[in-house]
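Colleague: my questions concern the predicted model and sequence given below.
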Amino acid sequence: MTPNLLMPLLLVSLIIQPTPLQADARRGFPKELIGKWQVVGVRLDSTFTARTYYEYDDKSLLGKTVTIQRTEARGNLPETLWCIGPNITEQRSTLDGLLAKTMARQEELEQSAASKRYMLAADGGASVTVYWVGCGKGDFGPDVPFGPGGENWIALLPGGNAATRWYDNTILLLKRKR
């Protein structure tokens, strides 16, 4: 083929080649997230010396629920969780890597042990599915200071449970309600 014919073919192949975001959009809303989730644990960085608003297994959060549907996510938590038109992006990460990148950093501490500092039972070095949740309107928890603007994460843990970043450097452990 002549170079003049190769260029249009190359452009067409690039246009129809799905990007990871396009592939995720074709997959649809992840069924693993749909349902009612109950807060069964509240975790903080055990080495953090600043006083935080929440405590380990804080009673104001335990038992609260988060309901995730294709069209919205709502919760009865002290802070507003109301997300209309959730946009989901999926990625794989280790739990330690996710926590090191998105929770308050303590540079002098070993970032590979982040899950231990948060007293999470899951293996921090194991790969987990992370869903980044953005909202057409409203919020799905905090999006700052670490993470994509307007998005928060929820990670699927072994055994069908999940974890999500919450306010004041807190992680909520979630269990699906039957």
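Modeller: Received it, and whenever you're ready, just let me know what you need.
Colleague: now the helices for this protein?
Modeller: Per DSSP state H, the chain carries helices over the ranges 3-16, 20-27, 95-102, 114-117.
Colleague: how many other residues sit next to V42?
Modeller: Here the number of neighbours of V42 (other Cβ atoms under 10 Å) works out to 20. C-betas here are computed from N, CA, C, even on glycine.
Colleague: tell me the confidence at it?
Modeller: Note on V42: pLDDT of 97.
Colleague: and the gap between it and T164?
Modeller: From V42 over to T164 the distance is 11 Å, taken as Cβ to Cβ, to the nearest Å.
Colleague: what residues are shared contacts of those two?
Modeller: I171, L172 (Cβ atoms under 8 Å, 6 or more residues apart in numbering).
Colleague: give me the most central residue, this protein.
Modeller: By Cα atoms, centre = their mean, the chain has its centre lying nearest to W153, at 1.6 Å.
Colleague: quick check: bridge partners of the closest residue to G141 other than its chain neighbours?
Modeller: The shortest distance from G141 to any non-neighbouring residue, by Cβ to Cβ, 6 or more residues apart in numbering, is to N152 (4.1 Å). Taking DSSP bridges as the rule, N152 bridges to V133.
Colleague: next one: V66
Modeller: Beta bridges link V66 to W37, G75, judged by DSSP bridges.
Colleague: if we can go back for a sec, report pLDDT for the residue nearest to G141.
Modeller: On the pLDDT scale, N152 is placed at 93.
Colleague: so where's the chain uncertain?
Modeller: By pLDDT under 70, the low-scoring segments of the chain are 1-28, 105-112, 144-146.
Colleague: all strands of it, in order?
Modeller: 35-44, 65-68, 72-75, 82-94, 127-139, 151-156, 162-166, 170-176 (DSSP state E).
Colleague: now tabulate these in a markdown table and tack on distance to T102.
Modeller: Formatted as a markdown table, those follow (distance: least, Cβ to Cβ, whole Å):
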| stretch | distance to T102 |
| --- | --- |
| strand 35-44 | 14 |
| strand 65-68 | 18 |
| strand 72-75 | 18 |
| strand 82-94 | 10 |
| strand 127-139 | 9 |
| strand 151-156 | 6 |
| strand 162-166 | 6 |
| strand 170-176 | 10 |
